[in-house]
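# Got a predicted model here, sequence first, then my questions.
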Amino acid sequence: MKRESFSSRASFLLVSAGCAIGIGNVWNFPYIAGECGGGVFVLLYILFLLLMGVPILTMELAIGRASRHSAVKGMAMLEPKGSKWHIYGWACLAGCYVLMMYYTTVSGWMLNYCVKFLVGVFDHLPDKEVPDVFSAMLANPGEMAIYTGVTILFCVLVCSLGIRQGVENVASIMMVCLLILIALLAVRSAQLPNARAGFDFYLMPDLARAAQMGFGKTVTAAMNQSFYTLSLGVAAMEIFGSYMPRERTLTGESIRICALDTFIAITAGLIIFPACFSYGVQPDRGPALIFLALPKVFLHMKIGWIWGTLFFLFMTFAALSTIIAIFENIIAICIDSFGWSRMKSSVINFFALSVSAVPCILGSNRWSGVRFFGGRGILEFEDFLASNLLLPIGSIVFLLFCVSKRGWGFEHYLAEVNAGQGVRLSPKLRTYLLYVLPVLILVLLIQGLL
């Protein structure tokens with residue numbers, strides 16, 4: 001059966017960027033940037049994105065485009081005869097499942113808050129009662145199960161329609177809407193009374209603040225954010241390479257995907273910091289920022305319910321675009337490996353994902369006493385497995401597969417990356433890719449474990 005493909009280059013870029021653009025761009029990036037010296041962190045982030053993110057992204061896309069298959073079958077087709085690199089493809093499937101176990105739940109939180117703002121739950125609510133809304137949601141497994149189930153069902157329906165009719169059409173529309181929403185919100189924040197102070201704190205390079213955090217911590221924070229923002233290592237990007245034409249070089253396309261991802265991350269800060277500085281709200285990271293701090297900001301704005309609804313709609317689109325991409329990878333691996341139809345793979349994985357999300361849902365209430373090493377709850381432990389172990393380990397596997405003689409090989413990888421028009425990867429970079437980049441990723445892995 002002929003492999004599906006994207007109808008246009010623009011669609012590929014939008015869908016691939018949608019996979020990279022997730023809640024981490026808003027969840028952590030602005031806070032870490034502000035904490036680590038503003039513009040100092042942003043410049044380091046862009047540097048490490050080019051040094052680490054772009055090369056690994058080209059490798060995932062190259063494996064997909066050269067093989068025209070998902071991770072398991074794709075690596076099996078490209079690996080030397082008798083080798084077992086393709087076994088890691090099954091780890092990619094497991095990694096995608098771990099990501100979906102908690103990401104679908106958190107996406108459900110975003111959708112839940114979008115609805116809450118729309119129907120007026122926060123109207124005239126005192127600041128001190130805003131955290132109670134989040135606590136009540138976490139304490140209600142039924143409520144979370146409904147929104148998580150809606151999230152999973154929506155993504156399953158999209159992927160079941162195929163690449164062009166489903167993934168491409170829906171993800172492209174969501175990405176365009178996301179860009180419009182974030183532009184509207186950024187313009188609104190720029191009009192707030194103390195917006196200038198927020199902009200200065202966020203983007204002006206502040207070496208004193210970076211030194212206070214520690215230059216070593218600032219550098220590693222930039223490395224972490226630049227690497228994890230692209231969700232590399234579990235073949236979430238590899239699958240889109242298998243739907244790509246060979247008209248453009250992969251280095252150029254990877255740079256464009258990273259640029260769009262960075263634009264969203266930076267613009268998110270242009271929304272958050274002016275708002276927080278204008279209304280005296282602490283810009284924390286994670287749930288404290290999204291669900292506890294920002295609703296207070298919207299409460300103080302004129303027609304704040306509209307801005308709150310639009311913000312959480314933006315967050316919902318950001319989360320759904322990532323989930324659709326990861327779910328497409330899961331479906332494709334099952335189609336390639338088991339010979340299932342797209343519909344059969346979608347239905348089976350819908351039930352499997354619904355069941356796998358239950359521990360995360362219950363981890364905030366009935367199973368809140370369950371703790372793993374380090375005192376992590378279920379959601380935190382699932383995030384630790386994915387972000388601190390599977391992503392860096394998987395990236396090293398993809399890296400070695402592409403550049404080592406015992407894998408696909410650097411010459412084959414280079415030929416695929418440079419096929420088409422656009423920015424080309426120099427063969428002189430082989431030494432860096434083989435000896436320096438693995439060390440940088442190992443630093444992240446060790447840091448994550450510690």
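Looks like it arrived, so ask away. Small disclaimer: the values here were computed from a predicted structure and weren't measured.

# Now do residue 397: how many residues are near it, please.
Neighbourhood size, residue 397 [other C-beta atoms under 10 Å]: 20. To be clear about C-beta, it is placed using only N, CA and C from the backbone, and glycine gets the same treatment.

# before we move on, what about residue 368?
Here the count is done by other C-beta under 10 Å, and residue 368 has 13 residues near it.

# Not counting sequence-adjacent ones, nearest residue to it?
Leaving out its chain neighbours, the residue that sits closest to residue 368 by C-beta to C-beta, 6 or more residues apart in numbering is residue 377, at 6.8 Å.

# Check that neighbour and give its pLDDT.
Residue 377 is assigned a predicted lDDT (pLDDT) of 92.

# separation between it and residue 112?
Using C-beta to C-beta, to the nearest Å, one obtains 19 Å as the distance from residue 377 to residue 112.

# Among those two, which residue is more densely surrounded?
Neighbour tally, residue 377 and residue 112, criterion other C-beta under 10 Å: the higher count belongs to residue 112, 25 against 17.

# what's the more buried one in contact with, if anything?
Contact analysis of residue 112 by C-beta atoms under 8 Å, 6 or more residues apart in numbering lists 137, 143-144, 147.

# What of residue 254?
When contacts are counted by C-beta under 8 Å, 6+ apart, residue 254 touches 54, 57-58, 61.

# ditto for residue 381
With C-beta under 8 Å, 6+ apart as the criterion, the residues that contact residue 381 are residue 372.

# before we move on, what about residue 347?
Residues in contact with residue 347 (C-beta under 8 Å, 6+ apart) are 156, 160.

# 6 Å instead, please
The neighbourhood of residue 347, defined by C-beta atoms under 6 Å, 6 or more residues apart in numbering, contains no residues.

# Return the distance of it relative to residue 156.
Residue 347 sits 8 Å away from residue 156 when distances are taken as C-beta to C-beta.

# quick one: the helices in the stretch 351-450 of the chain?
Counting by DSSP state H, counting those that start in this stretch, the stretch 351-450 of the chain has helices at residues 358-362, 378-384, 391-403, 410-417, 430-431, 437-449.

# Just say which of those helices is most tucked in.
When you average the neighbours per residue for each of the helices of the stretch 351-450 of the chain (mean count of other C-beta atoms under 10 Å), helix 391-403 leads with a mean of 23.

# What lies in contact with it?
Contacts of helix 391-403 from elsewhere in the structure, counted by C-beta under 6 Å, 6+ apart, are 56, 59-60, 85, 88, 232-234, 407-408, 410, 413, 433-434, 438, 441, 444-445.

# Repeat the analysis, applying 7 Å as the threshold.
Contact with helix 391-403 is made by 56, 59-60, 62, 75, 85, 88, 91-92, 95, 228, 232-234, 407-408, 410, 413, 430, 433-434, 437-438, 441, 444-445, 448, as judged by C-beta atoms under 7 Å, 6 or more residues apart in numbering.

# quick one: that helix to helix 437-449, angle?
170 degrees (axes from the mean of the first three to the mean of the last three C-alpha atoms, to 10 degrees).

# Dump helix 391-403 to PDB, restricted to CA.
Only the C-alpha atoms of helix 391-403 are listed here, as PDB (Å, rounded to 0.1, in the frame of the first residue of the first chain):
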ATOM      1  CA  LEU A 391      14.000  11.100  25.900                       C
ATOM      2  CA  PRO A 392      17.800  11.400  26.500                       C
ATOM      3  CA  ILE A 393      18.500   7.700  26.200                       C
ATOM      4  CA  GLY A 394      16.400   7.500  23.100                       C
ATOM      5  CA  SER A 395      18.200  10.500  21.600                       C
ATOM      6  CA  ILE A 396      21.600   8.800  22.100                       C
ATOM      7  CA  VAL A 397      20.300   5.700  20.400                       C
ATOM      8  CA  PHE A 398      19.100   7.600  17.400                       C
ATOM      9  CA  LEU A 399      22.400   9.500  17.300                       C
ATOM     10  CA  LEU A 400      24.600   6.500  17.400                       C
ATOM     11  CA  PHE A 401      22.400   4.700  14.900                       C
ATOM     12  CA  CYS A 402      22.800   7.500  12.400                       C
ATOM     13  CA  VAL A 403      26.500   8.300  12.800                       C
END
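
# Report the separation between the two terminal residues of stretch 239-248.
Taking C-alpha to C-alpha, to the nearest Å as the measure, stretch 239-248 stretches 17 Å from start to finish.

# got the buried residues for that stretch?
When neighbours are counted by 16 or more other C-beta atoms under 10 Å, the buried residues of stretch 239-248 are found to be 239-244, 248.

# Surely residue 203 is in contact with residue 37?
No - because the distance of 10.5 Å does not satisfy C-beta atoms under 7 Å, residue 203 is recorded as not touching residue 37.

# Report the separation between residue 394 and residue 325.
Residue 394 sits 15 Å away from residue 325 when distances are taken as C-beta to C-beta.

# Ok, which of the helices of the stretch 351-450 of the chain comes nearest residue 282?
Proximity of the helices of the stretch 351-450 of the chain to residue 282 was assessed by C-beta to C-beta; the nearest stretch is helix 378-384, lying at 21.3 Å.

# nearest residue to residue 408 other than its sequence neighbours?
The shortest distance from residue 408 to any residue other than its chain neighbours is 4.6 Å, reached at residue 78 (C-beta to C-beta, 6+ apart).

# tilt between the helix or strand hosting residue 225 and helix 391-403?
Under the criterion DSSP states H and E, the helix or strand holding residue 225 is helix 215-228. Between the direction of helix 215-228 and that of helix 391-403, the angle (the same axes, to 10 degrees) works out to 70 degrees.

# What are the buried residues along helix 215-228?
By neighbour count on 16+ other C-beta under 10 Å, the buried set for helix 215-228 is 218-228.

# farthest-separated two in those residues?
Taking C-beta to C-beta as the measure, the buried residues of helix 215-228 reach their widest spread between 218 and 228, a distance of 16.2 Å.

# per-residue confidence at residue 269?
87.

# Is it correct that it is in contact with residue 30?
Yes - under the criterion of C-beta under 7 Å, residue 269 lies in contact with residue 30, with a separation of 3.5 Å.

# Need the residues touching each of these two.
A shared contact of residue 269 and residue 30, defined by C-beta under 7 Å, 6+ apart, is any residue touching both; here these are residue 202.

# Just list the residues touching residue 175, thanks.
When contacts are counted by C-beta under 7 Å, 6+ apart, residue 175 is found next to 14, 17-18, 321.

# Within the helices and strands, which one has it?
Under the criterion of DSSP H and E, residue 175 resides in helix 169-190.
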